[in-house]
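Student: please find the sequence and the predicted model below.
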Amino acid sequence: EVQVVESGGGLVQTGGSLRLSCAASGFTFDYWAIGWFRQAPGKERESVSHISSSRNSPYHADSVKGRFTISSDNAKDTVTVYLQMNSLKPEDTAVYYCAAANIDRVLTAEYEYDYWGQGTQVTVSS
């Protein structure tokens with residue numbers, strides 16, 4: 001079974017940067033889709049950034065475009081996806097979740113993903 005583990009959250013001031021990591025292992029095939037979602041207090045979970053093993057056309061939500069960058073790194077049995085977050089704003093404060101699926105295309109909707117991590121808190125102070 002695919003396991004997904006996030007890390008890298010924390011507290012940062014407005015305008016600062018953080019890098020989140022998502023380590024995913026256990027894929028049956030050598031292709032995958034991995035993405036980030038976030039959920040702020042009192043709000044629904046929203047799609048943030050997504051990438052697939054073909055690395056074509058990663059997706060970024062309009063709210064983070066130009067500030068967040070998603071990238072990936074393949075090791076022997078583990079795929080690590082990074083979310084570099086720059087120029088952070090208080091409205092970026094949320095629990096960030098990593099999700100994965102064993103498919104080679106960019107996915108953007110929650111229902112498309114099969115495996116989820118526990119989430120990591122990102123807090124941006126004003």
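Tutor: Here it is on my side, so go on.
Student: show me the residue at the heart of this structure, geometrically.
Tutor: When C-alpha atoms, centre = their mean is applied to the chain, the residue found nearest the centroid is Trp36 (2.5 Å).
Student: wait, it sits on Val48?
Tutor: Yes. Here Trp36 reaches Val48: they are 4.3 Å apart, a contact under C-beta atoms under 8 Å. Backbone N, C-alpha and C define where each C-beta goes, glycine included.
Student: between these two, which contacts overlap?
Tutor: Residues touching both Trp36 and Val48 (C-beta atoms under 8 Å, 6 or more residues apart in numbering): 83, 96.
Student: show me what Thr123 is bridged to.
Tutor: Leu11 (DSSP bridges).
Student: the protein: strands as residue ranges?
Tutor: For the chain, applying DSSP state E gives strands covering 3-7, 10-13, 18-25, 33-39, 46-52, 59-60, 68-74, 78-85, 94-101, 115-116, 120-125.
Student: show me what the first one pairs with in its sheet, parallel or antiparallel.
Tutor: Which is strand 3-7. Its sheet considered, strand 3-7 pairs with strand 18-25 (antiparallel) by DSSP bridges.
Student: again, but for the fifth one
Tutor: For strand 46-52, the paired strands and their directions (DSSP bridges) read strand 33-39 (antiparallel), strand 59-60 (antiparallel).
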